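Visitor: With the input below, show me the fold.
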Amino acid sequence: MKYLDEYRDPVLARRLLDELRHTATRPWRIMEVCGGQTHTLVRQGIDELLPAGMRMIHGPGCPVCVTPLETLDRAMAVAARPGVVLTSFGDMLRVPGSRTDLLSLRARGADVRVVYAPMDAVRLAAADPDREVVFLAVGFETTAPANAMAVLHAARLGLANFSVLVSHVLVPPAMTALLDDPDCEVQAFLAAGHVCAVMGWTEYEPIAERYRVPIVVTGFEPLDLLEGILMAVRQLESGRHEVENQYVRAVRRAGNTEAQDAVRRVFRITDRAWRGIGALPASGLELSPEFRSFDAALRFEVGGLNPAEDPECIAGAILTGARLPTDCAAYGTRCTPRTPLGAPMVSSEGTCAAFHAAGRTATRSPA
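Guide: You can find the predicted model right below:
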């Protein structure tokens with residue numbers, strides 16, 4: 001296959017579904033880790049076409065959704081300071097903090113700017129040395145190399161007015177935390193192809209062996225996901241628990257070693273709080289001591305943060321796959337993409353946003 005539409009071929013999709021129906025003998029439970037995969041599954045209705053009883057569990061694979069509320073509140077406190085330019089990817093602007101969001105803060109006069117790459121923020125800092133430029137660095141392993149390169153470039157330029165507010169999270173610790181939960185129903189994983197394009201899949205091999213769960217590195221198009229599900233089911237049916245790679249056009253076992261080297265130089269592993277989930281040990285990245293001078297959390301004192309989640313939002317249960325968006329009493333009424341109570345409804349990779357865009361209706365009447 002060479003072209004994108006080939007990965008959306010309905011004839012091939014039906015063949016994969018037929019093979020899946022002939023292969024599955026039990027109601028298996030498979031979790032896709034990535035929010036992009038969730039959107040494809042829900043938008044295309046794949047999750048509703050699977051064999052009877054088989055269920056996709058939507059995991060915590062939306063980096064915007066799991067960014068801690070305290071980080072958002074801190075970003076807004078920094079953005080509100082005079083002389084500061086806070087930069088971010090656009091999907092962070094409408095994520096609700098405790099009291100407001102970055103877009104509303106910009107409407108009130110804060111200098112909040114959307115950038116398309118962290119290097120854009122470095123260029124802003126170089127062009128305007130009298131202003132402090134802060135980049136809100138969030139995401140899984142996928143975005144960490146670009147953020148590391150931005151810090152390295154700023155260091156080479158000697159920029160004293162550039163800093164990053166880091167909230168990187170790592171996929172493998174989240175998977176193990178889910179599997180350690182006694183109520184976990186996950187029997188296999190579809191791993192995020194873009195994360196593995198950077199990191200490879202060697203980190204997943206001990207997880208597959210320890211917990212005896214198949215893990216299939218999978219792409220994001222409908223045929224990618226159907227083939228990934230079929231590969232996982234074949235393992236489950238045969239009693240195997242290995243790491244397999246469906247996304248062969250983009251992922252190698254070792255990943256991108258140059259990108260990994262940049263991440264290891266700039267960052268080090270740390271404990272990290274996940275929004276709606278809680279603190280997970282060794283599940284995030286922070287700046288290494290060599291680059292601590294670029295840490296916006298240390299550069300700007302913004303004491304008095306008291307993060308407070310909306311009590312009506314069940315984002316934690318949704319992010320861990322324990323509940324569906326349609327189980328929420330506020331879904332589609334008090335919580336919509338225009339008026340989100342939590343990040344999963346506003347993020348472009350959020351499960352609630354995926355369900356809402358696909359027209360999925362609530363399973364119970366709003367309270």
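
Visitor: helices and strands around the helix or strand harbouring residue 285, which ones?
Guide: Taking DSSP states H and E as the criterion, residue 285 maps to strand 278-287. If you count contacts as 3 or more CB pairs under 8 Å, 6 or more residues apart in numbering; DSSP states H and E, strand 278-287 packs onto strand 162-169, helix 171-180, strand 267-274. Any C-beta I mention is one placed from the backbone N, CA and C, and that applies to glycine too.

Visitor: In the longest one, which residues are buried?
Guide: Within helix 171-180, the residues scored as buried using 16 or more other CB atoms under 10 Å are 171-179.

Visitor: between it and strand 278-287, how many degrees?
Guide: Angle, helix 171-180 to strand 278-287, by axes from the mean of the first three to the mean of the last three CA atoms, to 10 degrees: 170 degrees.

Visitor: Tell me which strands the next helix or strand along the chain from helix 171-180 pairs with, and in which orientation.
Guide: On the C-terminal side of helix 171-180, the nearest following helix or strand under DSSP H and E is strand 188-192. Here strand 188-192 is paired, per DSSP bridges, with strand 29-32 (parallel), strand 215-218 (parallel).

Visitor: got the contact list for the first one?
Guide: What that stands for is strand 29-32. Contact with strand 29-32 is made by 38, 41, 54-59, 61, 178, 185-190, 218, 225, 229, 232-233, 321, as judged by CB atoms under 8 Å, 6 or more residues apart in numbering.

Visitor: For residue 80, give its distance to residue 339.
Guide: Distance, residue 80 to residue 339, by CB to CB, to the nearest Å: 23 Å.

Visitor: again with residue 195
Guide: To residue 339, residue 195 is 31 Å away according to CB to CB.

Visitor: Point out where the chain drops to low pLDDT.
Guide: For the chain, the stretches flagged by pLDDT under 70 are 1, 363-367.

Visitor: Mark which of the contacts of strand 29-32 are buried, thanks.
Guide: Listed as buried from these are 38, 41, 54, 56-59, 61, 178, 186-190, 218, 225, 229, 232-233, 321; burial here means 16+ other CB under 10 Å.

Visitor: distance between the longest helix seen in the chain and the chain's centre?
Guide: What stands out as the longest helix in the chain, according to DSSP state H, is helix 222-238. Taking CA atoms, centre = their mean, to the nearest Å, one finds the center of helix 222-238 at 22 Å from the center of the full chain.

Visitor: Mind listing what's buried along it?
Guide: Quick answer for helix 222-238 (16+ other CB under 10 Å): 222-236.

Visitor: The helix or strand just after it packs against which elements?
Guide: Next along the chain after helix 222-238, taking DSSP H and E as the criterion, comes strand 243-245. On a contact count with 3+ CB pairs under 8 Å, 6+ apart, strand 243-245 meets strand 215-218.

Visitor: tell me the angle the strand or helix carrying residue 71 makes with strand 267-274.
Guide: For residue 71, the host element (DSSP H and E) is helix 69-79. Calculated by the same axes, to 10 degrees, helix 69-79 forms an angle of 110 degrees with strand 267-274.

Visitor: isn't residue 175 right up against residue 189?
Guide: Yes - with contact defined as CB atoms under 8 Å, residue 175 reaches residue 189; the gap is 6.4 Å.

Visitor: Touching both of these two, which residues are there?
Guide: Residues touching both residue 175 and residue 189 (CB under 8 Å, 6+ apart) are residue 33.

Visitor: Beyond the helix or strand containing residue 195, next helix or strand please.
Guide: Following DSSP H and E, the helix or strand that holds residue 195 is helix 193-199. Toward the C-terminus, helix 193-199 is succeeded by helix 205-211 as the next helix or strand (DSSP H and E).

Visitor: which other residues reach that next one?
Guide: For helix 205-211, the surrounding residues in contact (CB under 8 Å, 6+ apart) are 172, 175-176, 179, 213-215, 241-243.

Visitor: got it, and stretch 43-57?
Guide: Contacts of stretch 43-57 (CB under 8 Å, 6+ apart): 17, 20-21, 24, 26-32, 40-41, 185-186, 222, 225-226, 229, 233, 321, 354, 357-358.

Visitor: ok, 7 Å please
Guide: 17, 20-21, 24, 27-32, 41, 185-186, 222, 225-226, 321, 354, 357-358 (CB atoms under 7 Å, 6 or more residues apart in numbering).

Visitor: Sort out which residues of stretch 101-114 are buried, please.
Guide: Buried, per 16+ other CB under 10 Å, within stretch 101-114: 101-102, 104-106, 110-113.

Visitor: Same check on stretch 334-345?
Guide: 334-336, 340-345.

Visitor: still on that earlier bit, dump the strands paired with strand 188-192 into JSON lines; add distance to residue 201 as well.
Guide: Below are the strands paired with strand 188-192 laid out as JSON lines (distance: least, CB to CB, whole Å):
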{"stretch": "strand 29-32", "distance to residue 201": "15"}
{"stretch": "strand 215-218", "distance to residue 201": "5"}
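
Visitor: which one of those strands is the most hemmed in?
Guide: Ranked by mean neighbour count, the strands paired with strand 188-192 are led by strand 215-218 with a mean of 28 (mean count of other CB atoms under 10 Å).

Visitor: Quick one: residues contacting residue 342.
Guide: Listed by CB under 7 Å, 6+ apart, the contact set of residue 342 reads 96, 310, 313, 315.

Visitor: any idea how far it is from residue 236?
Guide: To residue 236, residue 342 is 32 Å away according to CB to CB.
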